[in-house]
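Chemist: Need coordinates for the below:
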Amino acid sequence: MSGSWVPGDPPGGIAPGLHLVATPIGTARDITLRGLDVLAGAEVLMAEDTRTLRHLMEIHGIALDRRPLIACHDHNETEVAARMVAALEAGKSVAYASEAGTPLVSDPGFALVRAAVAAGQRVHAVPGPSAVLAALTLAGLPTDRFLFAGFVPTAAGDRARVLAELAAVPATLVVYESPRRVARTLAEMAQAFGPDRPAAMCRELTKRHEEVRRGTLGELADALQGQEPKGEIVLVVNRAAARVTSAEDLRTALENALQTMSVKDAVAFVSQDLGVPRKEAYRLALDLAGQ
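Modeler: Here you go, the predicted structure:
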C-alpha cells in the first residue's frame, strides 16, 4: 500500500477538492506514488470505468472500504458533476480517474473541472501516464512544439477538412486512431500532407506487445495497406516544412492588406499568414504606405 495511509485513519492527508488522477495506459506499475496516495485517501472516488479502477486498486492493495465509487463517463458526466460539487462544498476530497491515461485528454473530466471551478472549489492535478507524451518520446520527431489533435473525424467530408487544416500546422502532430481506420488515415494523411512527411505509428504503448513503426507517411501507409493492427494506436507526424516566401509574394500580400488595414494590422496579419519575420514585413509596409 502506498504512503502512510492505513484503514481507520482520517482521509489520508488528502486536501479537499477535486483530484484528477492519471492512471496507467498499460502497465499497472506506471501509477505514481502520489496517485496511489490519493486513491487510498480520497473520501469520494469517481471513475470513467469503476471496474477498471477497482482492479487497479486491488493490484496495489488499496481497499475501497465504505467510500462511494461513482461512475462518471461521457453519457452522465454533466449530471454527476452536481453530485461532485455537493461533496466538494461539504469539504470532502474527490478523486477522479479515467479508464486509462490522463483525465480530459480525449477522456471525460472536463465537465467536472468546469463545475468545480464555477463553484469556487480547488482542482488538483495528479500527473502521470499519458499516451500523448509516451508517443512523443518514442517517435523520434521534434517535441519542442506539438499539437494534440485527438481523433480524426469518421465522416469523409469532416476528415478531409480536418486533415487540410492540420497539413500546414508548424508543430508535430499527435493523433489517436482506431485499428479499423488507421490504414485509411495514414493513406489520407500521405495524400493531404505529402507522402514524404516523417511519421511514427505507436501501438499498445507500455503493454507487452508495444510497437513503434517509423518512416514516412507513404511508407507507413503502404506497410499497413489491407492490414488491421490490434490495440490502441497513436500517430505522430512531423511538422509542416517552413514555407519559402518570395519578396514578390510578401509585397503583394502587404499591398492587398494595406487596402483595408492599418500598417500595424497589415504587418501582423501578413507576417503570421506567410510566416515571415515581423520586422521584415514592417519595413516593407512602411515603404508601401509612404511613411
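Chemist: number of nearby residues for the spatially closest residue to Ala268 that is not a sequence neighbour?
Modeler: Distance criterion Cβ to Cβ, 6 or more residues apart in numbering; nearest residue to Ala268, sequence neighbours excluded, is Arg278 at 7.4 Å. For the C-beta atoms, the positions are set from N, CA and C on the backbone; glycine is no exception. The tally of other residues near Arg278 (other Cβ atoms under 10 Å) stands at 13.
Chemist: Gly157 now?
Modeler: Using other Cβ under 10 Å as the criterion, Gly157 is surrounded by 8 other residues.
Chemist: Tell me, what's the model's pLDDT at it?
Modeler: Gly157 is assigned a pLDDT of 89 by the prediction.
Chemist: picking that back up, quick one: contacts for the residue nearest to Ala268?
Modeler: Applying Cβ atoms under 8 Å, 6 or more residues apart in numbering to Arg278 gives the contacts Val267, Ala268, Ser271.
Chemist: Leu250 now?
Modeler: Applying Cβ under 8 Å, 6+ apart, the residues contacting Leu250 are Val270, Leu274, Val276, Glu280, Ala281, Leu284.
Chemist: Now render those as CSV, adding distance to Leu138 and neighbour count.
Modeler: Written out in CSV, the entries for those read as follows (distance: Cβ to Cβ, whole Å; neighbours: other Cβ atoms under 10 Å):
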residue, distance to Leu138, neighbour count
Val270, 38, 28
Leu274, 34, 17
Val276, 34, 20
Glu280, 38, 15
Ala281, 39, 25
Leu284, 44, 19
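Chemist: got any ranges where the stretch 51-200 of the chain has weak pLDDT?
Modeler: Residues of the stretch 51-200 of the chain meeting the criterion pLDDT under 70: none.
Chemist: Now do the helices in the stretch 51-200 of the chain.
Modeler: 77-89, 110-118, 131-139, 156-167, 182-193 (DSSP state H, counting those that start in this stretch).
Chemist: residue boundaries of the strands in the stretch 101-250 of the chain?
Modeler: Counting by DSSP state E, counting those that start in this stretch, the stretch 101-250 of the chain forms strands over residues 123-126, 146-151, 172-177, 198-203, 211-216, 233-237, given from the N-terminal end onward.
Chemist: okay, those, which one's buried deepest?
Modeler: Across the strands of the stretch 101-250 of the chain, averaging neighbours per residue (mean count of other Cβ atoms under 10 Å) puts strand 233-237 on top, at a mean of 25.
Chemist: and the angle from that strand to strand 172-177?
Modeler: With axes from the mean of the first three to the mean of the last three Cα atoms, to 10 degrees as the criterion, the two stretches strand 233-237 and strand 172-177 enclose an angle of 160 degrees.
Chemist: Partner strands of strand 233-237 and their direction?
Modeler: Taking DSSP bridges as the criterion, strand 233-237 pairs within the sheet with strand 172-177 (antiparallel), strand 198-203 (antiparallel).
Chemist: quick check: angle from that strand to helix 182-193?
Modeler: Inter-element angle recorded for strand 233-237 and helix 182-193: 10 degrees (by the same axes, to 10 degrees).
Chemist: how far does strand 233-237 sit from the chain's center?
Modeler: 12 Å (Cα atoms, centre = their mean, to the nearest Å).
Chemist: Same question for stretch 283-291.
Modeler: Computed by Cα atoms, centre = their mean, the chain-centroid distance of stretch 283-291 equals 43 Å.
Chemist: Buried residues of it, list them for me.
Modeler: For stretch 283-291, a neighbour-count test (16 or more other Cβ atoms under 10 Å) marks Leu284, Ala285 as buried.
Chemist: CA atoms only: put it into PDB for me.
Modeler: Output of stretch 283-291 as PDB, limited to C-alpha atoms (Å, rounded to 0.1, in the frame of the first residue of the first chain):
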ATOM      1  CA  ARG A 283      10.000  47.800 -43.200                       C
ATOM      2  CA  LEU A 284       8.300  47.000 -46.500                       C
ATOM      3  CA  ALA A 285       4.900  48.100 -45.200                       C
ATOM      4  CA  LEU A 286       6.200  51.500 -44.300                       C
ATOM      5  CA  ASP A 287       7.700  51.900 -47.700                       C
ATOM      6  CA  LEU A 288       4.500  50.900 -49.400                       C
ATOM      7  CA  ALA A 289       2.500  53.200 -47.200                       C
ATOM      8  CA  GLY A 290       4.800  56.100 -47.900                       C
ATOM      9  CA  GLN A 291       5.800  56.600 -44.300                       C
END
